[in-house]
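Peer 1: Just the structure for this:
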Amino acid sequence: MPRVYDISAEIHPGMPSFPGDPPIVIRATHQLAHGDPYNLSELALGTHAGSHIDPPRHFLAGGLTSDQVDLDALNGPCRVVHVPDHHREISTGDLKGLLHGVGRVLFRTQNSVRWARGESFFPDYVALAPETAEYLAAARLRLVGIDSQSIERDTTNQYPVHHTLLESGCLILEGLRLAEVPAGDYELRCLPLKIRDGDGAPCRAVLIAP
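Peer 2: Model prediction:
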């Protein structure tokens, strides 16, 4: 049987989230231990909690919402690229010779190692450089994923990386956990929650090794 890697973040109260995003709340409303006939919980979270997709609507007025995106873009062959741990930004130099024949790429960086240690949100996460986003957009990729809660670090509120990728038709997959995944080619399976008119959606994502 081929190996399956679950690359999704575990949803739980207090989990790392991007600053300003709503906190995750899970509250038991019915409990067997309290004499109820079943267990049931209430869940509250933002549309970009944990592992999630960024559809065009996240940044583009009138863009496709999370329930409208083409699931084919989120499922199919993909390549996991390891970025050297000492790199604090993903540059075009990290991609030389690695994108030929690729429609989906996931970046495994030092972020994954830090998540595996159980760290809370860290603002110095590794992200894409704006010129790298332009390079990926020109390559006509369908999906770019990363192991950080945001694919870019931008203090200007202009978000050029998001705009460049989404305007080119490339979906963004954020919040992945890739510490145990070797570099190479896989089959990606990613299904976001079908949130009507959603500007984002948490998802379960797995990689199937060849």
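Peer 1: okay, which residue is most central for the protein?
Peer 2: The structure's the chain has its C-alpha centroid closest to E174; by C-alpha atoms, centre = their mean the separation is 1.7 Å.
Peer 1: Does it touch Q149 like I think?
Peer 2: Yes. Applying C-beta atoms under 8 Å as the test, E174 and Q149 come out as touching, 6.0 Å apart. Placement of C-beta: from N, CA and C, glycine included.
Peer 1: which residues do these two both contact?
Peer 2: Common neighbours of E174 and Q149, counting by C-beta atoms under 8 Å, 6 or more residues apart in numbering, are H48.
Peer 1: so who does the residue nearest to the centre of the chain touch?
Peer 2: Taking C-beta under 8 Å, 6+ apart as the test, what E174 contacts is 48, 51-54, 145-146, 148-151.
Peer 1: Could I get those residues in TSV, plus columns for neighbour count and pLDDT?
Peer 2: Formatted as TSV, the contacts of E174 follow (neighbours: other C-beta atoms under 10 Å; pLDDT from 0 to 100):
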residue	neighbour count	pLDDT
H48	23	97
S51	25	98
H52	28	98
I53	28	98
D54	25	98
G145	26	98
I146	27	98
S148	25	96
Q149	24	95
S150	20	97
I151	25	97
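Peer 1: Let me know the closest of the residues you listed to D185.
Peer 2: Set against D185, the nearest of the contacts of E174 by C-beta to C-beta is G145 (14.1 Å).
Peer 1: does the closest one really touch R177, like I thought?
Peer 2: No. Contact criterion C-beta under 8 Å: G145 and R177 do not qualify, at 11.0 Å.
Peer 1: who does the helix or strand hosting G145 pair up with?
Peer 2: Per DSSP states H and E, G145 falls inside strand 143-146. Paired strands of strand 143-146, with direction, are strand 104-108 (parallel), strand 171-174 (parallel) (DSSP bridges).
Peer 1: Quick one: those as a markdown table, columns for distance to L136 and mean pLDDT too.
Peer 2: Shown next, in a markdown table, are the strands paired with strand 143-146 (distance: least, C-beta to C-beta, whole Å; pLDDT from 0 to 100):
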| stretch | distance to L136 | mean pLDDT |
| --- | --- | --- |
| strand 104-108 | 7 | 98 |
| strand 171-174 | 10 | 98 |
